[in-house]
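**Student:** Below: sequence and its predicted model.
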Amino acid sequence: MTTISPLIAGNWKMNGLSQSLDELTELAQLLTTGEAPRAVVVVCPPATLVAAVATQGASSGILAGGQDCHVNASGAHTGDISAYMLADAGAQFAIVGHSERRADHGETDDQVRAKAEAAIGAGLKPIICVGETEAQRDAGQAESIVAAQLVSSIPDAAGLHEVIVAYEPVWAIGTGRTPSNDDIAQMHASIRARLVDRFGADKGNTIRILYGGSLKPVNAREILAIDNVNGGLVGGASLLAKDFYTIISAV
Ligand code: PGA
């Protein structure tokens, strides 16, 4: 069985002013004075802070990521940011297809796939988000919905480049609710099987599958220990250095 180095990514969402870099300083201190983290640590701040996070995080091994990217490299797309811009600012990752983007901006699987391709093209590692709504889970469709999202949101280029999958049940995001450990294990096993099916065992077994949705200091240890959970995508709890560090240390 291939071992995958775990990765913990913080998604600051639309939170963070320059003052929030104090949290990054504190996180860097915790990471460099405590036991060396077993996880790759990524912080995805708002676009305005990507360059600062990349620069400031470098000495403590914190890597920077964007929260979204446009499908094109440049052009007349007011307000958007391209994967090349994120890379130019020092980012190494880009979240694509987060459920808030899918819901607030009507992003489809096809668009998410194109964004993931754009990220790969710019040299970034896309963190491709999938996850069912509560109604879909209640209707027993969670696995089939996620399976369909995987087919359409992950580009074929994932066979040759590094991508990361984040399973985030929509109903668990920002709600303080999480699926049972058994449900997480079942979904991650299903995702793993589909990745192996599509990309072959050698590749499919090396793709990280993160869990996201109310991952907190109090539940991180047990969730991150579940089979095929190769790290986490953390929203609310990534805003405070201490909480985020506790989650990183739970790996
Ligand atoms: P949450 O968000 O940890 O606040 O639930 C997770 C996410 O949206 O990535």
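**Tutor:** Happy to help now that I have it.

**Student:** Might you report the residue contacts of the residue in the chain that the ligand sits nearest to?
**Tutor:** Nearest residue of the chain to the ligand, counting by CB to the nearest ligand atom: residue 235, 2.2 Å away. Every residue, glycine included, has its C-beta placed from N, CA and C. Residue 235 is in contact with 10-11, 13, 173-174, 212, counting by CB atoms under 8 Å, 6 or more residues apart in numbering.

**Student:** would JSON lines of these with neighbour count be doable?
**Tutor:** As requested, the contacts of residue 235 are exported to JSON lines (neighbours: other CB atoms under 10 Å):
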{"residue": "10", "neighbour count": "29"}
{"residue": "11", "neighbour count": "26"}
{"residue": "13", "neighbour count": "19"}
{"residue": "173", "neighbour count": "21"}
{"residue": "174", "neighbour count": "13"}
{"residue": "212", "neighbour count": "25"}
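
**Student:** of these, list those near the ligand.
**Tutor:** 11, 173-174, 212 (CB under 6 Å from any ligand atom).

**Student:** quick one: residue 84 from residue 67, how far?
**Tutor:** Per CB to CB, to the nearest Å, residue 84 is found 16 Å from residue 67.

**Student:** swap that for residue 164, please
**Tutor:** Counting by CB to CB - residue 164 and residue 67 are separated by 14 Å.

**Student:** what does the longest helix along the chain rub up against?
**Tutor:** If you go by DSSP state H, the chain has its longest helix at helix 181-204. The contact list for helix 181-204 (CB under 8 Å, 6+ apart) reads 130, 142-143, 146-147, 150-151, 154, 158-159, 165, 167, 178-179, 205, 207, 209, 211, 222-223, 226-229.
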